[in-house]
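> Model the structure of this input:
(chains A and B)
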Protein chains: 2
Amino acid sequence: MKFISIDEAIKKGMGKVSLRGWVYRERGSNQLKFIVLRDSTEIVQCVIDKDKISEKEWKDANKLLIESSVEIEGTIAKEKRAPTGYEVKVSKLKIIHFAEKYPITKDQSVEVLADYRHLWIRSRKMTAIMKIRSTVFGAIHEYFRKNMYYEFQSPIIIPGGAEEGPTLFEIKYFNEKMYLTQTWQLYAEAAMFGLEKIYTIAPSFRAEKSKTSRHLTEYWHAEVEATWINLYELMDLCEGLIKHVIKKVLKENKKELKLLERDIKILEPILKKKFPRINYSEAIEILKKKGMKVEWGKDLRTIEEEKLMSDYNTPMFVTHYPKDAMAFYKPRDPKDPRVAVCFDLIAPENNGELAGGSERDMDLNELVDTLKKKGEKIEDYSYYLDTRRYGSVPHSGFGMGVERLVKWICGLDNVKDAIGFPRTMTRFKP
Amino acid sequence: MKFISIDEAIKKGMGKVSLRGWVYRERGSNQLKFIVLRDSTEIVQCVIDKDKISEKEWKDANKLLIESSVEIEGTIAKEKRAPTGYEVKVSKLKIIHFAEKYPITKDQSVEVLADYRHLWIRSRKMTAIMKIRSTVFGAIHEYFRKNMYYEFQSPIIIPGGAEEGPTLFEIKYFNEKMYLTQTWQLYAEAAMFGLEKIYTIAPSFRAEKSKTSRHLTEYWHAEVEATWINLYELMDLCEGLIKHVIKKVLKENKKELKLLERDIKILEPILKKKFPRINYSEAIEILKKKGMKVEWGKDLRTIEEEKLMSDYNTPMFVTHYPKDAMAFYKPRDPKDPRVAVCFDLIAPENNGELAGGSERDMDLNELVDTLKKKGEKIEDYSYYLDTRRYGSVPHSGFGMGVERLVKWICGLDNVKDAIGFPRTMTRFKP
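Predicted coordinates for the structure are as follows:
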């Protein structure tokens, strides 16, 4: 008989079924053995009656520890008391593998779970998160492709990046020093001249010594670059992306959100509201009114972002940050030369910055001046500056940290749970 | 008036249009200036008549060098002699940026084009390849998702991998030595216990000193891992993937294939034929009959693969390679203990190995023995070996080099042109 998934078996609801998976829980008596079986789709209770199977099968059943893998034949029927409302009366039991005693028991510390990440990854919680993560990746691809963007990949291994030097990981590249990329942007701006509208989802790396719940040294970065669009069109694109992803997760992953005890009433209204847009100077005024000591000119810190977001339950765009605090490629606003034409998108519920973007400075001289002011070597940027020598056009782009988005959507405490095998300053195994 | 793409303008075929893009070619006389304009979609000839525009516009037009960016208003109509069969009579010309003299002229050497990759990437040839590449990525995602696979990402930064030591790139990770991954596999086998059917498209790295037309140190790797499938089901999955990708490219990229002068008559028949499947021992016999000196026991080299493929115009599976020449996780064939249950998929037209996969050894003792025989430290594999301690199940997986596939589909001479910014032992800038 053909194997079906546990989810399919429950939908069938009655009759003979063949299932396979892993022992999620087990308990028993002299006569009856109860196994909760799990596969990637669901769990279901299976009851083994000593009198209904062979002696060997009964013996095997009693040796089954958690995470043992089995194939089962039986009859499924409603059973209110079982965890998913159904029970399988087992008529045949085949052991695929007897597990050793599972090292993960209830209420383990975060550090133990991190050490056993290669096993913890199969937990129902992590599986639910990873399913949502898969939906998020798919939705990002879908959104950009629907909007006629080409997928493009910038190199991961890059020559000495200058501005970001201290936060770059160094690679021994044969006889050269090379580095791990932090963004696709400088390469994307070159590729854009052929394809015009491009996006990527690729790993980015930051050798930051932060030990916060929001920082990974290795994370996946969704980035976009497009000709002929300005800051406001860019924000529309970004807002559209976030909404598309949330809509898709709400459609595909209700069950996983429930398992994670994530209240979808927090996510649903976001689809209907326009994300507020304020500029940096307004943000500073709001913070002052809220009693914070802030000074015009510095980038907003976490504590300020959180204060600012305390009145909002959708993400919010903050635009036009002080030019001098910004990356060199963010252009000066011709209407207010103190600020740059850029945005940060800040997530609610203390999830920090989700995305950041800007128009790109088209002016070769301004770029060179800014780089010099920042103490950079111009020759390190020669290929990039070439994009301003040969037919520069107005263009804009943003980048979004995918794990930050997954963390927020799932309502996780720590971004480490938004990726399969997290990398931080202190955590890099397994 | 709203800007439309050149492709849309040509489809419209007559009437007023507003276009923007880059000067692809230019020539002129005292009275008429001809510009071939390009954007990401197409090229079109634009003619500027001195008497039909302002003096300033005429002056500007005569300063236009290749790759200058412009906005144009005019009237499009059929014109047989123009490169794409249409011509725009220009009524308005706005310069966005006067390009400097473009450094790439006709018939540049491969090395010069590589030095100017950041500009060459915008050429029509590279743009066509990158569009096909984008289709290939999209088709891979589509295929796996259609088949109910979850997208999962393994870490890029990994602790000391042992077996592949000499071909790993080393990273300075704070105070640790870490490495760039070559495959997602060992992590994927752990994640599979929760999600069961997973795939990825992610960068992989190989510090190989090869200088062939097929090797990159940084390449994109499509990989899959699934519970409960055997070698034959795995080959079906792989064959289905290749066919789905080719079908999609033939549907979406006829124009790009034509621009690359790639004969679609070579690609079309592949969709209808079943890929031949022979085993390694049969391959050795065939090679002997073809007069090659080959010995049973060694992995096939390029020269042998090419000889073997000389009679075939579809990819071919070669299965059951000698166990001792294979990676430790490929299981011994119970029916013939000399060989492993594995395959390589070899591409036609001298494109080498496209994909490789296998069932995975479930037997903890055999894995440990093989690792020891290969001189590995068992503790380096402890997290991996745990997957065989807790409910191991039959499973299989394969990996495919995406650039190899793009190279073959596009009919490229060198895999370096199948990626935006290639990385090899000798080429790593820009």
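> The lengthiest strand in chain A and chain B, are they touching?
Of all segments of type strand in chain A, defined using DSSP state E, the longest is strand A:15-28. Yes. Counting by CB under 8 Å from any CB of the partner chain, chain B has neighbours in strand A:15-28: A:20, A:22, A:23. Placement of C-beta: from N, CA and C, glycine included.
> Going by neighbour count, which residues of that strand are buried?
A:17, A:19, A:20, A:21, A:22, A:23, A:24, A:26 (16 or more other CB atoms under 10 Å in any protein chain shown).
> Now the two most distant members of these.
Pairwise distances across the buried residues of strand A:15-28 (CB to CB) peak at 19.3 Å, for the pair A:17 and A:26.
> returning to what we had before: which of the residues of strand A:15-28 next to chain B sits closest to chain B?
Nearest to chain B out of these is residue A:22 (CB to the nearest CB; 4.7 Å).
> Settle this for me: the closest one is touching residue A:35, isn't it.
No. Using CB atoms under 8 Å, residue A:22 is not in contact with residue A:35; the gap is 9.9 Å.
> Need the overlap of contacts for these two.
Counting by CB atoms under 8 Å, 6 or more residues apart in numbering or on different chains, the residues touching both residue A:22 and residue A:35 are residue A:70.
> For the stretch 301-430 of chain A, which segments are assigned as helices?
Assigned helices in the stretch 301-430 of chain A, in chain order: A:302-309, A:364-373, A:382-386, A:402-410 (criterion: DSSP state H, counting those that start in this stretch).
> Next, the distance between the ends of stretch A:5-23.
Separation of the first and last residues of stretch A:5-23 by CA to CA, to the nearest Å is 14 Å.
> Report the rounded mean pLDDT for that stretch.
Across stretch A:5-23, pLDDT averages out at 98.
> just for chain A, where's the confidence low?
Applying pLDDT under 70 to chain A flags residues A:161-164.
> any idea how it splits into domains?
Chain A breaks down by automatic domain parsing into domains covering A:6-97, A:114-418.
> how about the strands in the stretch 201-350 of chain A?
A:218-227, A:277-279, A:316-319, A:332-333, A:336-340, A:342-346 (DSSP state E, counting those that start in this stretch).
> Just put those strands in a markdown table and tack on mean neighbour count and distance to residue A:73.
Shown next, in a markdown table, are the strands of the stretch 201-350 of chain A (neighbours: other CB atoms under 10 Å in any protein chain shown; distance: least, CB to CB, whole Å):
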| stretch | mean neighbour count | distance to residue A:73 |
| --- | --- | --- |
| strand A:218-227 | 24 | 41 |
| strand A:277-279 | 16 | 60 |
| strand A:316-319 | 23 | 55 |
| strand A:332-333 | 18 | 70 |
| strand A:336-340 | 17 | 66 |
| strand A:342-346 | 25 | 52 |
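> out of these, nearest to residue A:395?
strand A:218-227 (4.8 Å).
> Give me the helices and strands touching that closest one, please.
helix A:124-146, helix A:185-195, strand A:197-205, helix A:231-252, strand A:395-401, helix A:402-410 (3 or more CB pairs under 8 Å, 6 or more residues apart in numbering or on different chains; DSSP states H and E).
> In a markdown table: those, plus distance to residue B:56 and mean neighbour count.
Putting the helices and strands packed on strand A:218-227 into a markdown table (distance: least, CB to CB, whole Å; neighbours: other CB atoms under 10 Å in any protein chain shown) gives the following:
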| stretch | distance to residue B:56 | mean neighbour count |
| --- | --- | --- |
| helix A:124-146 | 39 | 21 |
| helix A:185-195 | 26 | 24 |
| strand A:197-205 | 31 | 24 |
| helix A:231-252 | 29 | 19 |
| strand A:395-401 | 26 | 23 |
| helix A:402-410 | 48 | 25 |
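> would you turn those into a markdown table with distance to residue A:426?
Shown next, in a markdown table, are the helices and strands packed on strand A:218-227 (distance: least, CB to CB, whole Å):
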| stretch | distance to residue A:426 |
| --- | --- |
| helix A:124-146 | 20 |
| helix A:185-195 | 29 |
| strand A:197-205 | 16 |
| helix A:231-252 | 30 |
| strand A:395-401 | 20 |
| helix A:402-410 | 17 |
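> Tell me which of these approaches residue B:130 most closely.
Shortest distance between residue B:130 and these, using CB to CB, is found for helix A:185-195: 5.9 Å.
> hmm, that closest one in reach of chain B?
Yes. Judged by CB under 8 Å from any CB, helix A:185-195 comes into contact with chain B at A:187, A:190, A:191, A:193, A:194, A:195.
> Give me the nearest residue to the last one, chain neighbours excluded.
Of all residues beyond its chain neighbours, the one nearest residue A:195 is residue A:150 (4.6 Å), with distances taken as CB to CB, 6 or more residues apart in numbering or on different chains.
> likewise the fourth one?
In this structure, residue A:193 finds its nearest non-sequential neighbour in residue B:122, 3.9 Å apart by CB to CB, 6+ apart.
> next one: the second one
In this structure, residue A:190 finds its nearest non-sequential neighbour in residue B:118, 4.1 Å apart by CB to CB, 6+ apart.
> give me the number of residues near that neighbour?
By the criterion of other CB atoms under 10 Å in any protein chain shown, residue B:118 has 24 neighbours.
> just checking, it touches residue A:189?
No. Applying CB under 8 Å, one finds residue B:118 not in contact with residue A:189, separated by 9.0 Å.
> about what we covered before: who are the neighbours in contact with the residue nearest to residue A:190?
Going by CB under 8 Å, 6+ apart, the list of residues near residue B:118 reads A:187, A:190, A:383, A:384, A:386, A:387, B:421, B:430.
> Give me the neighbour count for the closest residue in space to the last one that isn't next to it in sequence.
Computed as CB to CB, 6+ apart, the closest residue to residue B:430 that is not its neighbour in sequence is residue A:383, at 3.7 Å. When neighbours are counted by other CB under 10 Å, residue A:383 registers 20.
> Same check on the one 5 residues further on?
Here the neighbour count serves as a burial measure; for residue A:388 (other CB under 10 Å) it reads 21.
> ok, now which ones touch it?
Counted by CB under 8 Å, 6+ apart, residue A:388 has contacts A:362, A:363, A:364, A:367.
> so which of the residues you listed comes closest to residue B:219?
Using CB to CB, the contacts of residue A:388 come closest to residue B:219 at residue A:367, 31.9 Å.
> Make sure that closest one is actually in contact with residue A:331.
No. Taking CB under 8 Å as the definition, residue A:367 is not a contact partner of residue A:331, at 9.0 Å.
> Overlap of the contact sets of these two?
Shared contacts of residue A:367 and residue A:331, defined by CB under 8 Å, 6+ apart, comprise residue A:361.
> does residue A:114 sit in a helix or strand, and which one?
Residue A:114 is part of helix A:110-115, with elements assigned from DSSP states H and E.
> Grab the nearest non-local neighbour of residue A:228.
residue A:394 (6.0 Å).
> if I look at that neighbour, how far off is residue B:97?
Distance, residue A:394 to residue B:97, by CB to CB, to the nearest Å: 10 Å.
> what's the overlap in contacts for the two?
Common neighbours of residue A:394 and residue B:97 (CB under 8 Å, 6+ apart) are residue A:362.
> quick one: contacts for the residue in the stretch 201-350 of chain A positioned nearest to chain B?
Per CB to the nearest CB, residue A:203 is where the stretch 201-350 of chain A lies closest to chain B, at 4.9 Å. By CB under 8 Å, 6+ apart, residue A:203 lies in contact with A:156, A:218, A:219, A:220, A:221, B:153, B:156, B:202, B:203.
> So which bits of the stretch 201-350 of chain A are right by chain B?
A:202, A:203, A:205, A:207, A:209, A:217, A:218, A:220, A:228.
> Most widely separated two among these?
Using CB to CB, these reach their maximum pairwise distance at A:209 and A:228, which is 39.5 Å.
> Does the closest residue to residue A:140 other than its chain neighbours have any beta-bridge partners, and if so which?
Spatial nearest neighbour of residue A:140, chain neighbours left out: residue A:222 (5.1 Å); criterion: CB to CB, 6+ apart. On the basis of DSSP bridges, residue A:222 is bridged to residue A:201, residue A:400.
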